[in-house]
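>>> here is my input; please provide its structure:
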Amino acid sequence: MNIENKIQDIVNQWVGDSDKFLVELKITVGKVGVYVDKLEGITIEECMKLSRLISSELEESGVFESRELIVSSPGTTEPFLVPEQFRKNIGREIQVTRKDGTIASGKLTGLENESLNLTEHKTVKVNKKKKIEEYHMTIPMEDVNEAKLVMNFKFK
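The predicted model follows:
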């Protein structure tokens with residue numbers, strides 16, 4: 001069994017039946033990156049526990065003699081890679097780049113039948129008055145090239 005499969009097995013056992021999930025496993029020449037999350041957001045303590053578990057399980061393999069182990073959340077600026085990230089962000093603004101290059105953004109209202117449901121608000125002029133209209137759209141996951149959280153910083 002290779003190192004990637006060993007780490008994947010350790011993470012899968014750690015995740016178990018919880019709401020935690022593996023987002024990505026990146027292995028490069030000098031680094032092993034394990035990116036995990038959960039629906040309420042992963043804590044530093046949980047990342048530390050997983051890091052210790054991986055290190056102890058693979059200590060004798062020598063894999064970390066020449067590689068740094070990083071266990072972290074994927075970060076808010078990274079694209080979504082697994083369906084659980086979409087579920088985690090229901091109710092939040094996201095931006096979706098489709099495979100044809102078009103971009104849609106709006107509030108993620110659901111993830112059903114391998115499709116994203118978005119609600120977009122647009123300001124339009126009607127009889128010289130501005131009006132906000134709501135548009136609902138469904139985007140099949142197979143049409144999604146990239147999706148990211150839109151960070152809004154509104155101060156009152």
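
>>> care to break the chain down by domain?
3-72, 83-149 (automatic domain parsing).

>>> what ranges do the helices span in this protein?
Taking DSSP state H as the test, the helices found in the chain are 3-15, 44-57, 83-88.

>>> separation between E93 and L53?
To L53, E93 is 35 Å away according to Cβ to Cβ, to the nearest Å. (C-beta placed from N, C-alpha, C; glycine too.)

>>> those two: which is more packed in?
Neighbours per residue (other Cβ atoms under 10 Å) separate E93 from L53, with E93 holding more: 18 against 15.

>>> so V124 touches Y135, yeah?
No - assessed by Cβ atoms under 8 Å, V124 is found out of contact with Y135, at 10.2 Å.

>>> just name the most buried of the helices of the chain.
helix 83-88 (a mean of 17; mean count of other Cβ atoms under 10 Å).

>>> name the helices or strands packed onto that one?
strand 20-27, strand 31-38, strand 103-112 (3 or more Cβ pairs under 8 Å, 6 or more residues apart in numbering; DSSP states H and E).

>>> still on that earlier bit, of all the helices of the chain, which lies closest to V63?
Between V63 and the helices of the chain, the tightest spacing by Cβ to Cβ is seen for helix 3-15, at 5.3 Å.
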